[in-house]
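>>> please work out how this folds:
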Amino acid sequence: MAQLIARLDQRLDGLDDVAVQRLLEDTVYQERQRFEDESPTEDEAKLLARISRLALDNRRSAWEEACRGCVDAYAREIHNRFSLRAYRMATRLLPGALTRLVTAPNAGRVISRDFDPRARIRIQGHVEQVKRLAERGTVVFTPTHLSNLDSPLIGYALFSSGLPPVAYGAGLNLFSNPVMEFWMSRLGAYTVDRRKQGQLYKEALKGYATELTLRGVHSLFFPGGTRSRSGRVEKRVKKGLLGTAIVAWQELLAQRAPRSDVFVVPMTLSTSLVLEAETLITDSLAREGKSRYIISDDEFSRPRDVASYLSRVLNLDEAVHVTFCQPMDLLGNPVNDDGESLDARGRVVDRRGYVCDRDGRPEADPQRDRVYTDRLARRIVESWHRENVALSTHVASFAAFQMLADRHPHLDVFHLVHLDPQRRLMERGRLLTAIDDLLIALSTLQQQGRIRTSLPTTAQGILDEAVHTFGSYHTRKALRPEGDWIAADMELTLYYRNRLVGYGLGDA
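Have a look, this model is predicted:
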């Protein structure tokens with residue numbers, strides 16, 4: 001906690017009286033707004049009363065005292081669940097525990113006896129390179145975000161690949177699920193309360209992330225912020241926590257630390273089914289969903305649904321694909337196995353020259369660092385799209401939704417999802433032709449290195465696999481056979497179709 005207070009003091013030293021007062025008033029205002037929608041705990045009420053009183057004081061020392069009190073309280077909340085020692089103990093038990101979790105008595109269907117999580121959770125990409133880089137420096141993993149189950153699945157992938165532990169931020173609301181709370185609190189999670197929008201809370205969170213990197217703790221966070229509501233691969237990222245890595249790197253260089261290298265490893269998660277798909281796409285389409293940042297009543301909030309989903313989806317041949325993308329430095333340059341940065345022509349460049357003077361001392365320049373962080377963010381998004389894995393549910397849904405959209409060119413997405421049941425029917429033969437055309441286009445994209453695929457070789461195989469997969473879990477079937485016709489649930493078809501949006505496949 002002392003380190004975060006020291007960081008705050010350094011920040012306050014660079015602000016005039018008006019700026020310090022506004023920083024405090026912002027936190028008071030944001031907390032009061034939050035408490036209009038939810039009741040504060042006793043500790044939160046006491047903190048707000050104290051800082052409100054100090055904010056009315058006309059002394060700078062009082063304002064600084066209030067700021068320190070806020071950051072101290074926030075830091076204790078963020079930190080209180082993470083234990084590296086507990087993580088190491090828990091990961092030794094993880095493979096067996098994962099099997100027990102998905103074969104729990106309250107699961108909707110007993111998993112097959114020959115279940116092997118390594119065969120169902122397919123791990124690919126630059127795994128060996130990442131392992132070497134983790135020995136040389138600190139690694140920041142930046143995955144796409146589909147589901148609240150992403151964190152434990154990534155944790156399993158890291159552990160089974162022989163990669164070291166990571167710390168990661170998890171939304172405070174996720175700890176309401178007792179099963180996931182047990183694991184997340186022991187598998188490296190520190191809490192992030194997205195309801196807190198005050199600048200002082202953001203300062204505490206960024207300071208905590210910076211300190212983790214300075215201490216050589218490998219970390220993971222989702223740059224997209226919350227889960228992708230639409231199902232699309234994210235196009236934009238939140239750069240606040242991403243920017244902490246470049247700050248920590250320069251501090252390590254200034255300290256001449258023996259392990260000063262910091263690497264970024266984008267990751268993609270591709271799944272045939274998503275636990276919360278029905279809730280997420282409904283929220284994405286709803287007008288009020290545009291401002292609904294936290295969903296507390298989705299499928300993840302019900303432990304029985306989580307167990308049922310895991311037991312069903314992990315029986316599928318195409319369950320989960322976890323891909324480690326090309327590692328890069330904090331400037332967005334790719335790095336080789338030795339951790340050296342490479343330019344566009346593959347030549348080794350000294351990345352320290354971007355932030356250090358001729359004597360090798362880092363030069364503070366926040367504006368420059370923001371430019372580098374923007375560049376890094378773009379490279380992460382590009383990696384996500386290249387390493388996204390197209391699966392049968394995505395392909396069949398894309399072809400079906402586009403067929404219906406082409407049939408009703410005058411309708412926008414919001415009207416398409418409300419088509420009458422009879423207008424959602426498609427001739428199986430025509431749908432197979434559309435899937436076949438899409439399969440050819442995806443093959444070309446894969447040869448160009450713009451996407452990955454894991455698909456049956458024929459349109460019939462893709463459709464059969466998609467129908468079987470959809471029939472294994474969702475109460476509403478995205479695609480449902482009706483004789484020679486295929487009926488579509490437009491919302492779910494849209495959600496799974498969206499995973500292939502942005503590749504120039506004819507989508508709007």
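
>>> longest single strand anywhere in this structure?
The longest strand of the chain (DSSP state E) is strand 262-271.

>>> could you say what helices and strands it packs with?
Strand 262-271 makes packing contacts with helix 127-136, strand 138-143, helix 150-160, helix 240-255, strand 320-324, helix 366-387, strand 389-390 when contacts are defined by 3 or more C-beta pairs under 8 Å, 6 or more residues apart in numbering; DSSP states H and E. C-betas here are computed from N, CA, C, even on glycine.

>>> so the residue with the largest distance to the centre of the chain, which of the three states?
Of all residues in the chain, N58 has its C-alpha farthest from the mean position, at 42.8 Å, by C-alpha atoms, centre = their mean. When classified by DSSP: H, G, I helix; E, B strand; the rest coil, N58 comes out as coil.

>>> save the helices and strands packed on strand 262-271 as a markdown table, and put in mean neighbour count and distance to Q33 too.
As requested, those are arranged in a markdown table below (neighbours: other C-beta atoms under 10 Å; distance: least, C-beta to C-beta, whole Å):
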| stretch | mean neighbour count | distance to Q33 |
| --- | --- | --- |
| helix 127-136 | 17 | 41 |
| strand 138-143 | 25 | 30 |
| helix 150-160 | 22 | 29 |
| helix 240-255 | 21 | 20 |
| strand 320-324 | 25 | 38 |
| helix 366-387 | 18 | 28 |
| strand 389-390 | 24 | 41 |
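
>>> go through the ones you listed and name the closest to R53.
helix 240-255 (29.4 Å; C-beta to C-beta).

>>> distance between the closest one and the chain's centre?
Distance of helix 240-255 from the chain centroid (C-alpha atoms, centre = their mean, to the nearest Å) equals 21 Å.

>>> which residues of the stretch 351-500 of the chain fall in helices?
366-387, 392-407, 413-416, 428-447, 459-471, 490-497 (DSSP state H, counting those that start in this stretch).

>>> any idea how far E427 is from A478?
18 Å (C-beta to C-beta, to the nearest Å).

>>> look at these two and report which has more neighbours.
A478 (29 against 12; other C-beta atoms under 10 Å).

>>> ok, the more buried one to M403 distance?
Distance of A478 to M403, given as C-beta to C-beta: 14 Å.

>>> how deep is F398 tucked in, by neighbour count?
Neighbour count for F398, taken as other C-beta under 10 Å: 27.

>>> next one, pLDDT for it please.
You'll see F398 listed with a pLDDT of 97.

>>> all helices of the stretch 201-350 of the chain, in order?
Ranges of helices in the stretch 201-350 of the chain, per DSSP H, counting those that start in this stretch, are 240-255, 277-285, 303-313.

>>> avg pLDDT for the longest one?
The predicted model gives helix 240-255 an average pLDDT of 93.

>>> the second one too?
Confidence over helix 277-285, taken as the mean pLDDT, stands at 89.

>>> also the last one?
Per-residue confidence for helix 303-313 averages out to 60 on the pLDDT scale.

>>> could you report the pLDDT at L205?
91.

>>> and it, what does it touch?
74, 78, 169, 192, 240-241 (C-beta atoms under 8 Å, 6 or more residues apart in numbering).

>>> can you rerun that using 10 Å?
Counting by C-beta atoms under 10 Å, 6 or more residues apart in numbering, L205 touches 4, 74-75, 78, 169, 190-193, 196, 240-241, 244.

>>> any of these buried? List them.
Neighbour counting with 16 or more other C-beta atoms under 10 Å marks 4, 74-75, 78, 169, 190-193, 196, 240-241, 244 as buried within the contacts of L205.

>>> filter those down to the ones in strands?
Short answer: the buried ones among the contacts of L205 in strands (DSSP E) are 169, 190-192.

>>> can I see the domain layout of this structure?
The chain breaks down into these domains under automatic domain parsing: 84-166+218-384, 390-500.

>>> minimum distance to A45: which of these has it?
Using C-beta to C-beta, the nearest of the domains of the chain to A45 is domain 84-166+218-384, at 20.9 Å.

>>> so how far is the closest one off the chain centroid?
Worked out by C-alpha atoms, centre = their mean, domain 84-166+218-384 lies 6 Å from the chain centre.

>>> dump the domains of the chain to JSON lines, plus distance to C67.
Listed next are the domains of the chain as JSON lines, based on distance: least, C-beta to C-beta, whole Å:
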{"stretch": "domain 84-166+218-384", "distance to C67": "18"}
{"stretch": "domain 390-500", "distance to C67": "42"}
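
>>> and these, which one is worst for confidence?
When I compare the domains of the chain, domain 84-166+218-384 is least confident, with a mean of 82.

>>> ok, back up a step: possible to save the ones in strands among the buried ones among the contacts of L205 as JSON lines with distance to P409 and pLDDT?
JSON lines is the format used below for those (distance: C-beta to C-beta, whole Å; pLDDT from 0 to 100):
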{"residue": "G169", "distance to P409": "43", "pLDDT": "82"}
{"residue": "Y190", "distance to P409": "49", "pLDDT": "82"}
{"residue": "T191", "distance to P409": "48", "pLDDT": "82"}
{"residue": "V192", "distance to P409": "43", "pLDDT": "85"}
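
>>> just the residues you listed now: which is nearest H321?
Distances from H321 to these, taken by C-beta to C-beta, are shortest for G169, at 23.6 Å.

>>> okay, and the beta partners of the closest one?
Judged by DSSP bridges, the bridge partners of G169 are Y190.

>>> which residues does it contact?
So G169 contacts 78, 82, 151, 188-194, 205, 208-209, 212, 219-222, 241 (C-beta under 10 Å, 6+ apart).

>>> distance-wise, check A405 relative to A399.
In terms of C-beta to C-beta, A405 sits 11 Å off from A399.

>>> neighbour count winner among those two?
Set A405 next to A399 and count neighbours by other C-beta under 10 Å: A399 wins out with 30 against 18.

>>> how close does the more buried one sit to D436?
Distance of A399 to D436, computed by C-beta to C-beta: 9 Å.

>>> try H468
19 Å.

>>> now do Y168
41 Å.

>>> which one of those two is surrounded by more residues?
Y168 (23 against 14).

>>> now do the contacts for the more buried one.
Y168 is in contact with 82, 141, 143, 150-151, 154-155, 184, 187-190, 192, 212, 218-222, counting by C-beta under 10 Å, 6+ apart.

>>> ranges for the strands of the stretch 1-150 of the chain?
121-125, 138-143 (DSSP state E, counting those that start in this stretch).

>>> right, and those - which one's nearest D17?
Across these, closest to D17 is strand 138-143 (C-beta to C-beta), at 36.2 Å.

>>> looking at the strands of the stretch 1-150 of the chain, which is nearest to R378?
strand 138-143 (12.5 Å).

>>> and the angle from that closest one to helix 127-136?
Counting by axes from the mean of the first three to the mean of the last three C-alpha atoms, to 10 degrees, strand 138-143 lies at 140 degrees to helix 127-136.

>>> residues in contact with the residue farthest from the centre of the chain?
So N58 contacts 17, 21 (C-beta under 10 Å, 6+ apart).

>>> swap in the one 10 residues further on?
If a contact means C-beta under 10 Å, 6+ apart, then R68 has 4-5, 8-9, 12, 200 as its contacts.

>>> ok, so of those residues, who is nearest P164?
L4 (24.1 Å).

>>> okay but the closest one is in contact with H79, surely?
Yes: between L4 and H79 there is a contact under C-beta atoms under 10 Å: 9.2 Å.

>>> intersection of neighbour lists for those two?
204, 208, 211.
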